[in-house]
Structure formats: C-alpha cells, structure tokens
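Student: the sequence and its predicted three-dimensional model are supplied below.
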Amino acid sequence: MDLEARKKQFIQQLGKVEGERVLEKLESVLKASQSDWFDALSEAEQAEIQIGLDQVNNGEFTSHEEVMKRFSKWH
C-alpha cells in the first residue's frame, strides 16, 4: 500500500475513534514527529538568533517605523 493510501485509511480510522485518551496519544505522537525548524539549524545559527532575541528583550533594537523615518528620503 502506498503512502497516500495509508494516509486515507488512517483518516478513515481516525474518524471512528471515540476515546479521548486515544486521540490524546495520537496527538502526542504527531507533535513529537513534527520537527521544529529551529532544531534543524546549526548551533552557531541558533546562537545568533538567541543573541537577537536577547537584544530585543533588552530594548536594543530600532523599530520599523524609526527605520522608515530615517530612510524615507531614499524611498
């Protein structure tokens, strides 16, 4: 059976599920199997993003509005 046929069969079976615990377990499995794009980044890339987030949290940023004001003469 190919992947698409298996998915369709699974969806049909899912429609028949009545137990809350079964649905919770299925949701848990699906969430665990979905990878976060952040996890796919290298450690260096993750560190750079964290630096940027820390800067924002510390108020060390320029708002979009301010940037647009500064560069409006070229726009």
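Tutor: Sure, I can see it. Numbers count the residues shown, from 1 in each chain.
Student: which stretches of the chain form helices?
Tutor: 3-15, 20-33, 43-57, 64-70 (DSSP state H).
Student: mean pLDDT lowest where, among those helices?
Tutor: Comparing mean pLDDT across the helices of the chain, the weakest is helix 20-33, with a mean of 88.
Student: chain center to that helix, what's the gap?
Tutor: Mean-position distance between helix 20-33 and its chain equals 18 Å (CA atoms, centre = their mean, to the nearest Å).
Student: could you give the angle of it to helix 3-15?
Tutor: For helix 20-33 against helix 3-15, the angle by axes from the mean of the first three to the mean of the last three CA atoms, to 10 degrees is 150 degrees.
Student: which residues does helix 20-33 contact?
Tutor: Residues from elsewhere that reach helix 20-33, judged by CB atoms under 8 Å, 6 or more residues apart in numbering: 14, 17. From N, CA and C alone the C-beta is placed, and that goes for glycine too.
Student: hmm, back to that, okay if I get the helices of the chain as TSV plus mean neighbour count?
Tutor: Compiled in TSV, the helices of the chain are given as follows (neighbours: other CB atoms under 10 Å):
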stretch	mean neighbour count
helix 3-15	9
helix 20-33	10
helix 43-57	10
helix 64-70	10
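Student: let me know the pLDDT of residue 36.
Tutor: In this model, residue 36 carries a pLDDT of 81.
Student: having no further points to raise, I will conclude here.
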